[in-house]
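Asks: After the sequence you'll find the predicted model.
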Amino acid sequence: MNTTPNSAKNVLTSDVEIKGNLRFSGELTFEGKLEGEITTDGTLHLGDSAVVNGNISAGTVVVRGKVTGNVAAKDKIELKAKTELFGDVRSSKLVIEEGVTFVGKTEVNPNKVAPALQANGGGRMNEPAKPVEPAKMMR
């Protein structure tokens, strides 16, 4: 049996509640509730009962639960049926199944070039569209 640090598979069940940031290597299946950020170079599986309020940064993310926050993955993000995601996603690959609720923006870059973070607000492209006011009639 070949055991490397990245081959570790961990499970946090639905009775786990965490307030704070979560870091791990390898693979984690998370079914509980988390208020904070998740950071890993490995693979994160969010189960049906998972509720995350915070940003996620990982190598690969597979979501089945509810996320309120931005999700960034180096390799791939999969949004499975019944997922609720309220936040932006950024990855080189994105898979969205039928039945997903997704409110946010996407940045998908299949060329494996790390998408740049907009530290300064990014200018006009990242600003929300402004409603156009109707012209006032003059009599």
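Replies: Yep, it's here.
Asks: When you work out contacts or count neighbours from here on, use the C-alpha atoms and nothing else.
Replies: OK.
Asks: count of neighbours near D88?
Replies: The number of residues packed around D88, counting by other C-alpha atoms under 10 Å, is 17.
Asks: where does this structure dip in pLDDT?
Replies: Counting by pLDDT under 70, the chain contains low-confidence residues at 1-8, 112-139.
Asks: run the last query once more with 90
Replies: 1-9, 109-139 (pLDDT under 90).
Asks: can you give me the helices for it?
Replies: Remark: helices of the chain are absent; assignment by DSSP state H.
Asks: For stretch 77-92, what is the distance to the chain centroid?
Replies: 6 Å (C-alpha atoms, centre = their mean, to the nearest Å).
Asks: Kindly report the same for stretch 74-90.
Replies: Using C-alpha atoms, centre = their mean, the mean C-alpha position of stretch 74-90 is found 5 Å from that of the whole chain.
Asks: Export it to PDB, keeping only CA atoms.
Replies: Listed in PDB are the C-alpha atoms of stretch 74-90, where the atom choice follows Å, rounded to 0.1, in the frame of the first residue of the first chain:
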ATOM      1  CA  LYS A  74      -6.900  25.400  -9.900                       C
ATOM      2  CA  ASP A  75      -8.200  22.400 -11.900                       C
ATOM      3  CA  LYS A  76     -12.000  21.900 -11.800                       C
ATOM      4  CA  ILE A  77     -15.300  22.900 -10.200                       C
ATOM      5  CA  GLU A  78     -18.300  20.600 -10.400                       C
ATOM      6  CA  LEU A  79     -21.700  21.800  -9.300                       C
ATOM      7  CA  LYS A  80     -23.900  18.700  -8.900                       C
ATOM      8  CA  ALA A  81     -27.800  18.700  -9.000                       C
ATOM      9  CA  LYS A  82     -29.500  20.500  -6.100                       C
ATOM     10  CA  THR A  83     -26.400  22.600  -5.400                       C
ATOM     11  CA  GLU A  84     -27.100  26.200  -4.200                       C
ATOM     12  CA  LEU A  85     -24.200  28.500  -4.900                       C
ATOM     13  CA  PHE A  86     -24.400  32.200  -4.200                       C
ATOM     14  CA  GLY A  87     -21.000  33.600  -5.300                       C
ATOM     15  CA  ASP A  88     -18.500  33.800  -8.200                       C
ATOM     16  CA  VAL A  89     -16.600  30.900  -9.600                       C
ATOM     17  CA  ARG A  90     -13.100  30.800 -11.100                       C
END
